[in-house]
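Asker: sequence-free structure coming up:
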């Protein structure tokens, strides 16, 4: 198989199995509900201080009771953790369905539920590790902005530029190293550390393939985002202020499982040695697991 086959076969598999979007639909609904809860929870917590917040200056935080800020921050932290858990479950369920579709030609929601329950804790932990690593490489640029805000202009600009380069390169490397850790956990049934090592090995041994798939996925996402940006104003005028957000949500419900199929095809070929003969994803699979 070549890279084009990953995408063409994923289109065909997706077309035959719309049920693979169900985990994304449910996750999107739950995420929106949690964001609404977060908004009203924080607003209710900060309501006695809304007049202060309305005149925002960096000094307002010293005028707000520390317990109030702590409560608002705790609400946001809990909501963020819950969203991480929901996304981990969605990913585990979607990749589990993608594997079954590739192996059997179709997938059931029962598979989504079982794989979601079984694998989401590992995906959650690895996602946290990935987030922490990304935060660490962002420290230099944060330090640069801190220097700028304290009127150390020359030093601040220098550190921001260096930090931007570190963040850009580091983010790309982390993304590539962790590119198929979801597949390593669900398809390869690796442990937390094993999935990171497995994903790294696949990237290191297939640098060009992994890079190109990641690049194509990014270009597709950015292209769709650009189109949504162009039509956002007329769409808002015609259909209302939330029309663009709803359309973006619908697009993500399609893209997430589609990319899961693409990356699962890639993982099963590069890691497990699967080959698809005559383009049939159901009846002609030859396994030479590595």
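Answerer: Nice, thanks for sending it over. Quick caveat, the model's predicted, so the values are computed rather than measured. Residues are numbered from 1 along each chain as shown.

Asker: any idea how far the most centrally placed residue in the chain lies from residue 123?
Answerer: Geometric centre of the chain, nearest residue: residue 87, 7.8 Å, by C-alpha atoms, centre = their mean. To residue 123, residue 87 is 8 Å away according to C-beta to C-beta, to the nearest Å. Backbone N, C-alpha and C define where each C-beta goes, glycine included.

Asker: name the residues contacting each of these two.
Answerer: Here residue 87 and residue 123 have no joint contacts, going by C-beta atoms under 8 Å, 6 or more residues apart in numbering.

Asker: tell me the pLDDT at residue 244?
Answerer: Looking at residue 244, its pLDDT stands at 75.

Asker: how many neighbouring residues does the nearest residue to it once chain neighbours are set aside have?
Answerer: Leaving out its chain neighbours, the residue that sits closest to residue 244 by C-beta to C-beta, 6 or more residues apart in numbering is residue 232, at 4.2 Å. Residues within reach of residue 232, counting by other C-beta atoms under 10 Å, total 15.

Asker: pLDDT averaged over whichever strand or helix holds residue 232 - what is it?
Answerer: Assessed by DSSP states H and E, residue 232 sits inside helix 207-239. In this model, helix 207-239 has an average pLDDT of 88.

Asker: just the buried residues of it, please?
Answerer: By neighbour count, and taking 16 or more other C-beta atoms under 10 Å as the criterion, the buried residues in helix 207-239 are 209, 210, 213, 214, 216, 217, 235.

Asker: show me what the helix ranked longest in the chain is packed against.
Answerer: Longest helix in the chain by number of residues (criterion: DSSP state H): helix 66-104. Helix 66-104 sits against helix 3-16, helix 22-46, helix 109-137, helix 181-186, helix 243-270, with contacts defined as 3 or more C-beta pairs under 8 Å, 6 or more residues apart in numbering; DSSP states H and E.

Asker: tell me the buried residues in the longest one?
Answerer: When you say that, I think you mean helix 109-137. Buried, per 16+ other C-beta under 10 Å, within helix 109-137: 111-112, 115-116, 119-120, 122-127, 129-130, 133, 137.

Asker: what's the next secondary structure element after that helix?
Answerer: Per DSSP H and E, the helix or strand that comes after helix 109-137 is helix 139-149.

Asker: which residues sit against that following helix?
Answerer: Contact partners of helix 139-149, identified using C-beta under 8 Å, 6+ apart, comprise 155, 156, 157, 158, 159, 160, 161, 162, 163, 164, 166, 167.
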